[in-house]
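Student: pasting a predicted model and its sequence here:
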Amino acid sequence: MKNKLIYRDILKKVSRWMNEREIIFILGARRVGKTTLLKMLYKDIRVQKIFIDLEFRDNLALLNRGIDSFLNYLELHGIDLSKRVFVFIDEIQYLDDPANLLKLIYDHYPNIKVVVSGSSSIHIKKKFTDSLAGRKIIFEITGFNLNEFLRGRNEELYNVRNNWCSFIEIITSKKINPEISAFARRFLPLIEEYIVWGGYPQVVLNRQADKKEEILRDVYQSYISKDIRDIGKIENITGYNNLLVLLASNIGQLVNKGNISRSIGLSIKTIDEYLFLLEHTYIIRMLPPFFRNKQTEIVKQRKVFFKDLGIRNVSIESFQPFNIRTDKGVIVENFVLNQLLNYFPPDNIYFWRTKHKAEVDFVIRQGDLLIPVEVKSRTMESPQYTRSFLSYIEKYKPDVGIIINQNLSKVEKLKNTTVIFLPIFAL
């Protein structure tokens, strides 16, 4: 399975833009599959094309010389600039002034379609500012999502999930096939593996636990402990590492900067800088609260989650099997958030909490709808509701609510709200 190429869901979205003029940006952490995605796109091109990897110093030096050097490079490789050509540039952030080069290409050479990848949105923001406004389209790639993981691991269950369990269709139609509950026992071992080890392609494609751990340690040491530190020019390495471990130990919790400052001795300003760095290098996601009443609901504090649970677990040296873990609830909650982000923009997902600690794990804004999502890491034999979930329904009267659990597939009416009990594998 090591050499197996797994189709990425994002490929279809990106492909729609291949014949448009906009420069395509594919951003994401190191080793999540950006280069592989570029090569998949490259393979499908049937006209002139060229792939430039900026991790090779000669390529980097050449493109740093400017537009004339770039055009000469294309011609030396047999490209006819009077005709359509697709140029793929891997790791664009290494260029000294990528914005100027790309702007010149876009403005003066309409036959050249450019597709680039980048590993740091901080570098991208610093080096591009607004110079490419209206000239680019950005896609973010993560490790394998559950759909891609199943596609590579169990084709039968992948087909079951995709034929019976369209999440958007379920919440739109307010219907779910109760028979899918019968598949829970077959899905759960794979989902538990995914939750423990995460979705980094190399990790997924390797079936041996010791090698999975080695790969994650290498990613952690080379990307998180070194590359990101260098990007942020971090001097207090111990403080940075301590913050990362503290965040990993408290996923799904409110980030209290005052408590963190007292715990690990970093100033609030430094904590803010490190949080910004980790968020914009695709390691963590800070989830904002949903509120309508500033007097009774949390309005400022955000919750922290990890974009990949394998990285979270290697941060705290915790690879115990799912069934004996003490953190089942929070890692399942983190998994659910990562899955929801496959369907909804990041700015449309929140959590809800009152100052009296009534709480709903997630609130999804879909048009005029405000959909509450509660996450249960256990099996359910029959519908059950928490006081917090009922409190949210009473206050906001949503059209639809979702309770994610291990196995139960059912739809109930609760006053005017349709509540869908959704097995976790259907998400």
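Tutor: Noted; the coordinates are in hand. Numbering: from 1, shown residues only.
Student: alpha carbons only for contacts and neighbour counts from here, please
Tutor: Fine.
Student: so where do the helices sit in the stretch 201-350 of the chain?
Tutor: Secondary structure of the stretch 201-350 of the chain (DSSP state H, counting those that start in this stretch): helices at 201-205, 209-219, 228-231, 237-249, 257-264, 268-280, 309-315, 328-340.
Student: what angle separates the fifth one from helix 237-249?
Tutor: Meaning helix 257-264. 120 degrees (axes from the mean of the first three to the mean of the last three C-alpha atoms, to 10 degrees).
Student: elements contacting helix 257-264?
Tutor: Applying 3 or more C-alpha pairs under 8 Å, 6 or more residues apart in numbering; DSSP states H and E, one finds that helix 257-264 contacts helix 237-249, helix 268-280.
Student: for those helices, give me TSV that also has mean neighbour count and mean pLDDT.
Tutor: Below are the helices and strands packed on helix 257-264 laid out as TSV (neighbours: other C-alpha atoms under 10 Å; pLDDT from 0 to 100):
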stretch	mean neighbour count	mean pLDDT
helix 237-249	18	94
helix 268-280	17	93
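Student: picking up where we left off before, so can I have CSV of the helices of the stretch 201-350 of the chain showing distance to L11?
Tutor: Converted to CSV, those look like this (distance: least, C-alpha to C-alpha, whole Å):
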stretch, distance to L11
helix 201-205, 15
helix 209-219, 24
helix 228-231, 27
helix 237-249, 30
helix 257-264, 39
helix 268-280, 22
helix 309-315, 23
helix 328-340, 17
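Student: nearest to S15, of those?
Tutor: helix 201-205 (21.0 Å; C-alpha to C-alpha).
Student: could you dump that closest one to CSV, C-alpha only?
Tutor: Once non-C-alpha atoms are left out, helix 201-205 reads as follows in CSV (Å, rounded to 0.1, in the frame of the first residue of the first chain):
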residue,chain,number,x,y,z
PRO,A,201,-0.5,10.4,3.7
GLN,A,202,2.8,8.6,4.7
VAL,A,203,1.2,7.6,8.0
VAL,A,204,-2.0,6.3,6.5
LEU,A,205,-0.1,4.4,3.8
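Student: in CSV, list the helices and strands packed on helix 257-264 along with distance to D210.
Tutor: Output for the helices and strands packed on helix 257-264, formatted as CSV (distance: least, C-alpha to C-alpha, whole Å):
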stretch, distance to D210
helix 237-249, 21
helix 268-280, 27
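Student: looking at these, which is nearest to R135?
Tutor: Here helix 268-280 is closest among those (C-alpha to C-alpha), at 21.6 Å.
Student: CA atoms of that closest one as CSV?
Tutor: Output of helix 268-280 as CSV, limited to C-alpha atoms (Å, rounded to 0.1, in the frame of the first residue of the first chain):
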residue,chain,number,x,y,z
ILE,A,268,0.4,37.4,26.6
LYS,A,269,2.0,39.2,23.6
THR,A,270,4.3,36.2,23.0
ILE,A,271,1.5,33.7,23.4
ASP,A,272,-0.5,35.6,20.8
GLU,A,273,2.5,35.6,18.4
TYR,A,274,2.9,31.8,18.8
LEU,A,275,-0.8,31.1,18.4
PHE,A,276,-0.8,33.1,15.2
LEU,A,277,2.2,31.2,14.0
LEU,A,278,0.8,27.8,14.7
GLU,A,279,-2.5,28.7,13.2
HIS,A,280,-1.0,30.0,10.0
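Student: which other helices and strands contact that helix?
Tutor: helix 121-128, helix 257-264, strand 284-287.
Student: just how off-centre is the second one within its chain?
Tutor: By that I understand helix 257-264. 27 Å (C-alpha atoms, centre = their mean, to the nearest Å).
Student: just to revisit the earlier point, out of the helices of the stretch 201-350 of the chain, which gets nearest to R16?
Tutor: Of all these, it is helix 328-340 that lies closest to R16, at 22.3 Å by C-alpha to C-alpha.
Student: contacts for that closest one?
Tutor: Helix 328-340 has contacts (C-alpha atoms under 8 Å, 6 or more residues apart in numbering) with 145-146, 195, 251-252, 305-307, 309, 322, 361-362, 375-377, 424, 427.
Student: make a PyMOL selection of the buried ones in those residues.
Tutor: Selection of the buried residues among the contacts of helix 328-340 in PyMOL, burial being defined by 16 or more other C-alpha atoms under 10 Å:
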select buried, resi 145+146+195+251+252+305+306+307+309+322+361+362+375+376+377+424+427
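Student: which of the contacts of helix 328-340 fall in strands?
Tutor: Within the contacts of helix 328-340, residues falling in strands by DSSP state E are F305, F306, D361, F362, V375.
Student: and the strands in the protein?
Tutor: Per DSSP E, the chain has strands spanning 23-27, 48-53, 85-90, 112-118, 136-140, 284-287, 303-306, 349-353, 359-366, 369-375, 400-405, 410-414, 417-423. These are given in chain order.
Student: now for the first one, which elements pack on it?
Tutor: With contacts taken as 3+ C-alpha pairs under 8 Å, 6+ apart, strand 23-27 sits against strand 112-118, strand 136-140.
Student: please apply the same query to the third one.
Tutor: Packing partners of strand 85-90 (3+ C-alpha pairs under 8 Å, 6+ apart): helix 34-43, strand 48-53, strand 112-118.
Student: next: the fifth one.
Tutor: Using 3+ C-alpha pairs under 8 Å, 6+ apart, the elements in contact with strand 136-140 are strand 23-27.
Student: other residues contacting stretch 398-405?
Tutor: For stretch 398-405, contacts defined as C-alpha under 8 Å, 6+ apart pick out 171, 174, 369-380, 416-424.
Student: nearest spatial neighbour of I349, skipping sequence neighbours?
Tutor: Spatially, and ignoring its direct neighbours in sequence, I349 is nearest to I364 (4.7 Å; C-alpha to C-alpha, 6 or more residues apart in numbering).
Student: who's in contact with the one you found?
Tutor: With C-alpha under 8 Å, 6+ apart, I364 has these contacts: F344, N348, I349, Y350, L370, I371, P372, V373.
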